[in-house]
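Asker: Build me a model from this:
(one chain, ligands or ions: 1)
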Amino acid sequence: MAKNDVATAEATAVKCVICKLGETRPGTATITLSRDGTTLVVKGVPASVCANCGEEYVDEGTAARLLRTAEEAARAGVQVDVREYVAA
Ligand SMILES: [Zn+2]
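Answerer: This next block holds a predicted model:
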């Protein structure tokens, strides 16, 4: 089968589902999580950011980690906290 460079390029550039115009680029996001009366703001979260509208996309592993962090904060009785994202 012949190599198809165009298809490969399209597969790696993700179109934004919100504005359907921009493509996502690697960046960081500030994510706000609310859980059981706890509000947690996490800065510096690795994310793909739409070049057009700024919509932020966090991958599954990062999202799961953020949820665990929010659950731990809720158990610790934290009401509001601002944190820097800590990679696994
Ligand atoms: Zn967009």
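
Asker: Let's verify Val49: helix, strand, or coil?
Answerer: What DSSP: H, G, I helix; E, B strand; the rest coil gives for Val49 is strand.

Asker: who's in contact with the closest residue to it other than its chain neighbours?
Answerer: Once flanking residues are discounted, Val49 sits nearest to Gly27: 3.9 Å by Cβ to Cβ, 6 or more residues apart in numbering. Glycine gets a C-beta too; all of them are placed from N, C-alpha and C. When the contact criterion is Cβ atoms under 8 Å, 6 or more residues apart in numbering, the partners of Gly27 are Ala47, Ser48, Val49, Glu56.

Asker: what does the lengthiest helix in the chain contact?
Answerer: Using DSSP state H to define each element, the chain has its longest helix at helix 60-75. Helix 60-75 has contacts (Cβ under 8 Å, 6+ apart) with 31, 33-38, 40, 42, 45-47, 58, 81, 83, 85, 88.

Asker: Kindly recompute the last result at 7 Å.
Answerer: With contact meaning Cβ atoms under 7 Å, 6 or more residues apart in numbering, helix 60-75 is reached by Ile31, Leu33, Arg35, Asp36, Thr38, Leu40, Val42, Val45, Pro46, Asp81, Ala88.
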